[in-house]
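Visitor: A predicted structure for the sequence below; I have some questions about it.
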Amino acid sequence: MKAAPTLEGGLRIDIERKSDWAILSLICIDAKGPEDHCLAEQLSQLSSSHPLSENEDWKDYVIPDLHDTFAKQIRDVAAQISAANQQLEEASSLLIKREQVDTWYGTLNQARLNLENQYQLSCLAEEELDSLVRSAKYRYEFYTLVQSWLLSVMP
């Protein structure tokens, strides 16, 4: 897989192997996280020292809005990956347009936060990693790299 900025301010990811599509599809799986986990609620708990987080309006309006925003980002990225993968015979690239950069960045961020939450990757030494956790760490690092590519193309 290779990536390059586009003249329009986006990012083109060139697919070199079929397995690259599987790697890209994992972004959305990791962004969703475990079924019993709600990233919007977790982020709210992190700010529990903030007076607004204890407010009922926060729980009734902000958390559901965050949850909906996060879910929409994941759906949009999944649809884009799926559509690009179905056109494999015609093109072997995934184009992230300038107006899609925020959605992709947000989805990658969700994936990274969920992986950290599940595996506490920042606290583990390389020799402590089994194959499952090592795979999660590699995906985390890949998502970080794609985020840096996205930042590099933003005006």
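Guide: Structure's in. What do you need? A quick note: this is a predicted structure, and the numbers were derived from the prediction, not measured. Residues are numbered from 1 along each chain as shown.

Visitor: what sits against the closest residue to I27 other than its chain neighbours?
Guide: Excluding its sequence neighbours, the residue lying closest to I27 (Cβ to Cβ, 6 or more residues apart in numbering) is A111, at 5.4 Å. In this view, the C-beta of every residue, glycine as well, is placed from N, C-alpha and C. Going by Cβ atoms under 8 Å, 6 or more residues apart in numbering, A111 touches 26-28, 30-31, 139-140, 143.

Visitor: let's see which of those residues end up in helices.
Guide: Mapping the contacts of A111 onto helices (DSSP state H) picks out 26-28, 30-31, 139-140, 143.

Visitor: coming back round to it: the residue nearest to I27: which element?
Guide: helix 101-119 (DSSP states H and E).

Visitor: buried residues of that helix, list them for me.
Guide: Judged by neighbour count using 16 or more other Cβ atoms under 10 Å, the buried positions of helix 101-119 are 101, 103-115, 119.

Visitor: render the CA-only coordinates of that helix in CSV, please.
Guide: Coordinates of each C-alpha in helix 101-119 appear next as CSV, following Å, rounded to 0.1, in the frame of the first residue of the first chain:
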residue,chain,number,x,y,z
VAL,A,101,-10.5,14.0,5.5
ASP,A,102,-12.2,14.9,8.8
THR,A,103,-14.4,11.8,8.6
TRP,A,104,-11.4,9.6,8.0
TYR,A,105,-9.4,11.3,10.7
GLY,A,106,-12.2,10.8,13.2
THR,A,107,-12.8,7.2,12.3
LEU,A,108,-9.0,6.4,12.6
ASN,A,109,-9.0,8.2,15.9
GLN,A,110,-11.9,6.1,17.2
ALA,A,111,-10.0,3.0,16.1
ARG,A,112,-6.9,4.1,17.9
LEU,A,113,-8.8,5.0,21.1
ASN,A,114,-10.7,1.6,21.1
LEU,A,115,-7.5,-0.4,20.5
GLU,A,116,-5.8,1.5,23.4
ASN,A,117,-8.8,0.9,25.6
GLN,A,118,-8.9,-2.8,24.8
TYR,A,119,-5.2,-3.6,25.0
